[in-house]
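Student: Okay, sequence plus prediction incoming.
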Amino acid sequence: MKAVVYKEPFTVAVEEVDKPSIQHPNDVIVRVSSTAICVSDLHM
C-alpha cells in the first residue's frame, strides 16, 4: 500500500509500505479517510 513517509525535516515522500498489523494487544489501526490543512499545520 502507498503511504506518506516522513523522511527528515522538510522532506516527505509517497512510498510503498507493508500493510499495518496488530503487534501488541493494545495496538489499534486507524484509517484516515479525509484530512485538511489549516495555517497552524504548515510546519513539521
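Tutor: Sure, I can see it. Keep in mind that what you see is a predicted model, and the values were worked out from it rather than measured.
Student: Work out which residue lies at the spatial centre of this structure.
Tutor: Residue closest to the mean C-alpha point of the chain, counted by Cα atoms, centre = their mean, is residue 4 at 5.5 Å.
Student: who touches that residue in this structure?
Tutor: 12, 13, 14 (Cβ atoms under 8 Å, 6 or more residues apart in numbering). Every C-beta, even on glycine, is put in place using the N, C-alpha and C of the backbone.
Student: show me where this structure has helices.
Tutor: Counting by DSSP state H, the chain forms no helices at all.
Student: I'd like the C-alpha coordinates of the helix or strand of the chain with the lowest mean pLDDT written as PDB, please.
Tutor: None of the helices or strands of the chain scores lower by mean pLDDT, DSSP states H and E than strand 2-8, at a mean of 91. Backbone C-alpha positions of strand 2-8 (Å, rounded to 0.1, in the frame of the first residue of the first chain) are rendered in PDB as follows:
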ATOM      1  CA  LYS A   2       1.100   3.600  -0.500                       C
ATOM      2  CA  ALA A   3       1.800   5.900   2.400                       C
ATOM      3  CA  VAL A   4       3.200   9.300   3.000                       C
ATOM      4  CA  VAL A   5       6.500   8.800   4.800                       C
ATOM      5  CA  TYR A   6       8.300  11.400   6.900                       C
ATOM      6  CA  LYS A   7      12.000  11.200   5.800                       C
ATOM      7  CA  GLU A   8      13.700  14.100   7.600                       C
END
